[in-house]
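Student: sequence and predicted structure, then a few things I'm wondering about:
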Amino acid sequence: MYRLMRSPAVLVLFLTWLLYAVYYLNRLNFSPVIPLIKAEMNLTNAGAGALMAFFYLSYTLFQLPAGYVGDRYGPRKALAAGALISILGNLMFSQVAGFFMLASAQLINGMGQAVGWSSAVKMVVNWFPRQRRATALGFFITCVTFGSSAGIRLSGLIGDHLGWRASFMIPPLLMLFTLIVFWCIVRDSPSERGLPGFDDERMLEQALAGGGAGIRRVLTNRTLWVVALVYFCFVYVQFGCLVWIPTFLAEGYHMSVNQASILTSVVLLPGIFASPLGGFLSDHYFRGRRQPLIFIGMLVLSGVCLLLGFDLGIQTAALLLAVLGLMILMPDVLLAAFPADILSRKLAATGMGFLATFTSAAGVVTTPLSGKIVDIFDNYGALFFSFAVAALFGAVLTLFIREKPSAP
């Protein structure tokens with residue numbers, strides 16, 4: 001165990017995990033304080049959702065360019081630049097007043113956050129061989145659960161005691177400190193540390209060589225388009241739940257912002273086990289295939305959302321939310337592995353940027369639309385029913401993914 005923890009690859013995995021977890025502290029600090037922002041700004045649910053939609057708008061527009069930057073200049077530089085831009089957007093949000101200025105700050109934050117995912121995935125892919133890829137990504141993606149849970153809890157705690165603006169001042173400081181440590185230690189690939197690289201994708205890279213620009217190869221890959229549509233459905237539910245569950249608990253069960261953030265952070269924690277388990281099963285028991293587990297995960301996600309649409313007691317709702325915490329993470333690692341599986345690690349960030357364009361577009365749609373659904377029906381049952389339909393549609397689309405098992 002001691003030798004494992006001293007492994008350069010494990011150290012890079014941990015520090016990339018830590019930095020991207022802190023990215024989430026600066027992204028999900030909005031959702032717990034929605035009730036406070038609504039009260040001060042006199043906003044409807046749709047208006048609050050629109051503020052978050054501005055974040056996802058720039059998050060969407062910059063995904064593919066951000067993926068290209070990660071491949072062209074390296075994930076280390078890209079992650080650092082994204083973190084600095086996100087810090088700027090959060091600090092601006094904490095200081096300005098009025099819907100237009102808050103929306104502008106969200107656009108800046110979304111631009112910085114757009115860089116994170118594709119470059120973080122590329123960093124992990126660069127440091128681990130193909131046969132351990134989904135397992136490594138599975139452990140990495142636990143940072144999404146940890147960051148989401150910690151971000152929601154921290155923001156709710158700060159917002160309840162210091163006001164919602166403080167929730168956008170403290171996380172950027174944590175991000176800056178983490179970035180300094182990351183920058184000093186992490187490098188883009190084993191070769192930059194004088195270590196041997198990997199020879200596990202030579203045939204794939206030769207097959208892709210000489211066939212046009214990387215972005216064109218990404219855009220013309222049919223399997224990647226199907227994966228992108230499945231990812232859209234999955235993230236429509238994932239982002240919608242992460243944004244609206246705290247408000248659902250606060251308003252539906254008459255909790256304080258602090259209480260709702262505590263329960264939300266707790267029910268999300270089971271997701272820590274979901275992504276490593278999904279990656280391990282895919283690598284070791286499904287011979288590198290991702291599609292079967294994605295299909296199962298999307299079906300379970302649909303069923304849980306359907307049940308949450310009914311009027312339930314808090315104990316039953318909390319139990320279902322814990323299952324939801326598992327299911328809004330498990331398919332993520334499997335979908336994220338496809339770009340490197342299909343295009344090799346050389347185009348991993350560009351391919352991930354393409355997929356992330358669809359996932360962030362889902363965020364643009366789900367945040368205001370979800371708020372509008374709650375406003376129209378004046379309850380959260382209709383919202384969870386809409387999530388169930390989206391997850392079911394994604395499960396059907398999963399059946400059209402074509403993949404080959406990797407060599408033993």
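Tutor: Right, received. Where do you want to start? Worth saying up front: this structure is predicted, and the values here are computed from it rather than measured. Numbers count the residues shown, from 1 in each chain.

Student: touching, residue 283 and residue 129? I think so.
Tutor: No: Residue 283 lies out of contact with residue 129 (CB atoms under 8 Å); the separation is 10.7 Å. From N, CA and C alone the C-beta is placed, and that goes for glycine too.

Student: more neighbours: those two, which one.
Tutor: Legend: neighbour count by other CB atoms under 10 Å for residue 283 and residue 129, higher for residue 283 (23 against 15).

Student: now whatever helix or strand that one lives in: average pLDDT?
Tutor: Taking DSSP states H and E as the criterion, the element that holds residue 283 is helix 271-284. Model confidence over helix 271-284, given as mean pLDDT, is 77.

Student: which residues of the stretch 301-408 of the chain fall in helices?
Tutor: With DSSP state H, counting those that start in this stretch, the ranges of helices along the stretch 301-408 of the chain come out as 314-327, 330-336, 338-343, 348-377, 381-398.

Student: pick the most buried one from those.
Tutor: Scoring the helices of the stretch 301-408 of the chain by mean neighbour count under mean count of other CB atoms under 10 Å gives helix 330-336 as the most buried, with a mean of 29.

Student: mean confidence score for that helix?
Tutor: Mean pLDDT, helix 330-336: 79.

Student: same deal with stretch 15-27?
Tutor: In this model, stretch 15-27 carries a mean pLDDT of 95.

Student: report the buried residues of it.
Tutor: 15-27 (16 or more other CB atoms under 10 Å).

Student: ok, residues contacting it?
Tutor: Identification of contacts with stretch 15-27 by CB atoms under 8 Å, 6 or more residues apart in numbering yields 55, 79, 82-83, 86-87, 90, 109, 113, 116-117, 120, 123-124, 139-140, 142-144, 146-148, 150-151, 154-155, 171-172, 174-175, 178-179, 181-182, 185-186.

Student: let's see 7 Å
Tutor: 79, 83, 86, 90, 113, 116, 120, 123-124, 140, 143-144, 146-148, 150-151, 154, 171-172, 174-175, 178-179, 181-182, 185-186 (CB atoms under 7 Å, 6 or more residues apart in numbering).

Student: check stretch 306-321 too.
Tutor: Against stretch 306-321 from outside (CB under 7 Å, 6+ apart): 245, 253, 263, 267, 304, 381, 384, 385, 388.

Student: of the residues you listed, which one scores lowest on pLDDT?
Tutor: Lowest confidence among these: residue 267, with 76.

Student: that one contacts residue 327, doesn't it?
Tutor: No: Residue 267 lies out of contact with residue 327 (CB atoms under 7 Å); the separation is 11.7 Å.

Student: for residue 394, which residues are in contact?
Tutor: Per CB under 7 Å, 6+ apart, neighbours of residue 394: 230, 233, 234, 298.

Student: save those residues as TSV, and put in distance to residue 70 too.
Tutor: Output for those, formatted as TSV (distance: CB to CB, whole Å):
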residue	distance to residue 70
230	22
233	25
234	22
298	28
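
Student: are any of those buried, and which?
Tutor: Here, 16+ other CB under 10 Å leaves 230, 233, 234, 298 buried among these.

Student: so which of those residues are in helices?
Tutor: 230, 233, 234, 298 (DSSP state H).
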